[in-house]
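# what's the 3D shape of this:
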Amino acid sequence: MTKLEVALAVSIVLVTRSALAAIEPPILTPVEQTRAWQAKRNKSLSDSTGWLALAGLFPLSHGQFSLGSGADNDIRFPPGAPSHIGRLRLTPAALHFEAAPDLDVRTGEAPAADLQLRSDEAEQGPTRLRLGPWSWWVIEFFAIDSAWRVSARLRLEPDAPPVAVPTVLGVPIMETAAGVLEFELAGRPYRLRALDRNGDLFLIFADLTSGTTTYGAGRFLWAEAPDEGGYTTLDFNRAYNPPCAFTPFATCPLPPPGNRLDVAVRAGEKNWAGAPH
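Coordinates of the predicted model:
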């Protein structure tokens, strides 16, 4: 880059910052923030890499595997997909994909006729192959109600052992305990055990709506790390379904012991009509 180019770049940045300073973005109310979160949630689910797009889960051993909707394939795709899409070849060192002739398989916008695939452990993320259109659904939410946005105090458990969180597979997973959140709903006290996720709080809970208007296995909820006084905000308007509500090919945690509320939490994401289990 020449000196002239550097000067020009600096002047552009200064003009941009000046323009941004003149027009400050509006401060959103809690209701507007939740509506924005709902829109983002639906967009993430309906994305081509969202849970609604997942149609299969196929563990692979070393060898070669054919892909497609035809009955003669090792990996069967849903009806409507081409009968023969291509082949995967797994070796101890790599996973290779070769597309069937005349099929426009792509990764991003680039053709993917013959290439080595990255795993989800790669720094750039996994290779995602795309073929044909996707379809999706919009998830329904309860009406946003500020009564379900409450202050909660975290009771720390510094020496608590890892929490054995049950899963749909019947095999528990061990999670780091953050403590117990204490809060009130309509004047009644409640408690939920929170898990530590890099300082933030992750909750898996069920309530009296579970299995009726909300997903039977419970819902997820995030909360920010507590302040110096140990307080955070629980906004049940942002409670959402686990991946298992949308596909039988996901493995999900279930509410840990004590995380079943004896109140109907009519807030957040409702059950999806197509829930597999």
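# okay, CA-based contacts and neighbour counts for the rest of this
Fine.
# Identify the bridge partners of the residue nearest to residue 226 when sequence neighbours are not counted.
Taking C-alpha to C-alpha, 6 or more residues apart in numbering as the measure, residue 226 lies nearest to residue 232, with 4.6 Å between them; neighbours along the chain are not counted. Using DSSP bridges, the bridge partners assigned to residue 232 are residue 152.
# Residue 232 contacts residue 152, doesn't it?
Yes. The pair residue 232 / residue 152 is scored as a contact, 5.4 Å apart, by C-alpha atoms under 8 Å.
# pLDDT score assigned to the residue nearest to residue 226?
Per-residue pLDDT puts residue 232 at 98.
# Report how many residues lie close to it.
20 (other C-alpha atoms under 10 Å).
# Who are the contact partners of it?
With C-alpha atoms under 8 Å, 6 or more residues apart in numbering as the criterion, the residues that contact residue 232 are 151-154, 223-226.
# now do residue 34
Applying C-alpha under 8 Å, 6+ apart, we find residue 34 in contact with 144, 237-238.
# one more time with 10 Å
By C-alpha atoms under 10 Å, 6 or more residues apart in numbering, residue 34 lies in contact with 28, 40, 144, 235, 237-238, 268.
# I'd like the residues you listed as TSV, with distance to residue 190 appended.
TSV is the format used below for the contacts of residue 34 (distance: C-alpha to C-alpha, whole Å):
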residue	distance to residue 190
28	29
40	29
144	21
235	14
237	17
238	18
268	18
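# Can you lay out those as CSV showing distance to residue 210 and neighbour count?
Compiled in CSV, the contacts of residue 34 are given as follows (distance: C-alpha to C-alpha, whole Å; neighbours: other C-alpha atoms under 10 Å):
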residue, distance to residue 210, neighbour count
28, 31, 10
40, 23, 12
144, 18, 20
235, 18, 23
237, 15, 26
238, 15, 25
268, 12, 26
